[in-house]
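S.K.: Pasted the sequence and its predicted model underneath.
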Amino acid sequence: MKVAIYGYYLSVTESILNEILSFLQAHNVEFVFEKKLYDNLSDGILLAKNAATFSSNKDLDKSFDLLISIGGDGTILRAATFVRDSGIPILGINAGRLGFLATVQKENIEKYLTLVLAKEYTTSSRTILNLNLSPKKPNLKNLNFALNEVTINRKDTTSMISIETYLNGEYLNSYWADGLIISTPTGSTGYSLSCGGPVVTPDAKVLIITPIAPHNLNARPLVIPENTEVRLKVSGREENYLVSLDSRINTVSNDTILTIKKAPFKINMIEFKDESFLKTIRNKLLWGEDKRN
Ligand SMILES: NC(=O)c1ccc[n+]([C@@H]2O[C@H](COP(=O)([O-])OP(=O)(O)OC[C@H]3O[C@@H](n4cnc5c(N)ncnc54)[C@H](O)[C@@H]3O)[C@@H](O)[C@H]2O)c1
Ligand SMILES: Nc1ncnc2c1ncn2[C@@H]1O[C@H](COP(=O)(O)OP(=O)(O)OP(=O)(O)O)[C@@H](O)[C@H]1O
């Protein structure tokens, strides 16, 4: 078995890295580090010495069985940019706070890595969004996809923006708002949820359009089929606005047309029988905290 290892915040990653590496080495699993992480590791991580490294998605070929992401949800979103359309499943080990997407808690590393070696897991294929800009923006070319959501936000102003929205070419609405979120089912429990969007199970074949603080009082989150093409045109007092893909932000000018569509690939997340999505909602969104349950 061959495993790619990724972490973004060094101290968070190192707090559990020795335990993970000891397990992998004891079971003869080959591990390869993301290069920036590897270069910054402290001397205390002895097992990492002389390990191989990868620098981009191009280095992760079919010989890899999985990528271990060490951190919280933000780290998984970054990990997705290494995996891209390779199909290599991501195992999230939560050394952060909420870790909604990171199924393995740091207290249970050995238990779940044992299940991984025994192949006692399933993969949950997550819908991904693609963003196209017209006119094109060269620095977006390689990272024009999102696992959680594409978000439009006002920039350098307190004024609202107007977001003219078309679904499969048909006019829907012009949202007068701080912004607009086009979310995948995975992203439904992220930013969209905070703006009143519905929670959607990861396997649902839908996208969600959620306005951010709309001043149209009757504008509500809208659930649409996942194969809908969403086209947006933004106007406002400033010449530019922000577009984010998960945690990656870009400045875009008002004359740009944005087209958001389901990507032709999915990202696979490793899941275990006893750490299901429904259990995660109860535990991490605290649905299970109702005293009457
Ligand atoms: N007001 C908000 O709720 C808000 C604002 C901006 C971004 N976000 C979310 O943060 C993500 C970027 O992450 P970051 O680490 O750079 O930002 P961050 O540091 O602000 O953390 C965002 C929080 O959202 C949680 N989160 C992220 N994705 C989630 C998901 N799919 N389900 C449940 N919880 C999730 C994380 O655990 C974290 O606690 C965005 O994709 C967006 O979904 C939320
Ligand atoms: N700038 C930072 N420097 C050092 N550590 C950080 C920084 N930002 C976050 N961390 C730590 O790293 C952990 C994981 O961060 P990450 O971005 O992966 O997750 P997150 O999106 O904050 O979500 P979660 O709520 O799941 O932790 C955080 O919980 C925090 O302890």
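M.R.: Done, it's in. Ligands and ions are numbered 1, 2, ... in the order given.
S.K.: What distance do you get for whichever residue of the stretch 1-150 of the chain sits closest to ligand 1 to ligand 2?
M.R.: Nearest residue of the stretch 1-150 of the chain to ligand 1, counting by C-beta to the nearest ligand atom: Gly74, 2.5 Å away. C-beta coordinates here come from the backbone N, C-alpha and C atoms, glycine included. Going from Gly74 to ligand 2 by C-beta to the nearest ligand atom, to the nearest Å gives 2 Å.
S.K.: Can you classify that residue by secondary structure?
M.R.: The three-state label given to Gly74 by DSSP: H, G, I helix; E, B strand; the rest coil is helix.
S.K.: quick one: contacts for it?
M.R.: 8, 96, 247 (C-beta atoms under 8 Å, 6 or more residues apart in numbering).
S.K.: ok, now Val104?
M.R.: Contact analysis of Val104 by C-beta under 8 Å, 6+ apart lists 91-94, 112, 275.
S.K.: Out of those, grab the one that's most surrounded.
M.R.: If you count neighbours using other C-beta atoms under 10 Å, the busiest of the contacts of Val104 is Ile93, which has 29 neighbours.
S.K.: so does the helix or strand encompassing that residue get close to ligand 1?
M.R.: Assigned by DSSP states H and E, Ile93 belongs to strand 90-94. No - among the residues of strand 90-94, none lie within reach of ligand 1 under C-beta under 6 Å from any ligand atom; the closest is 9.0 Å away.
S.K.: now the residue nearest to Ser159 when sequence neighbours are not counted, what's its secondary structure?
M.R.: Counting by C-beta to C-beta, 6 or more residues apart in numbering, Ser159 lies nearest to Arg237, which is 4.5 Å off, once chain neighbours are set aside. Following three-state DSSP, we place Arg237 in the coil state.
S.K.: ok now do Ile249, which residues does it touch?
M.R.: Here Ile249 is in contact with 242-243 (criterion: C-beta under 8 Å, 6+ apart).
S.K.: again, only this time at 10 Å
M.R.: By C-beta atoms under 10 Å, 6 or more residues apart in numbering, the contact set of Ile249 is 151, 153, 155, 242-243.
S.K.: still on that earlier bit, now, among the contacts of Val104, which is nearest to Glu164?
M.R.: Gly92 (36.8 Å; C-beta to C-beta).
S.K.: Would you tell me whether the longest helix along the chain gets close to ligand 2?
M.R.: Taking DSSP state H as the criterion, the chain has its longest helix at helix 10-26. Yes - using C-beta under 6 Å from any ligand atom, helix 10-26 reaches ligand 2 at Val12.
S.K.: elements contacting that helix?
M.R.: Contact here means 3 or more C-beta pairs under 10 Å, 6 or more residues apart in numbering; DSSP states H and E; on that basis helix 10-26 packs against strand 2-7, strand 30-34, helix 35-40, strand 66-71, strand 90-94, helix 109-117.
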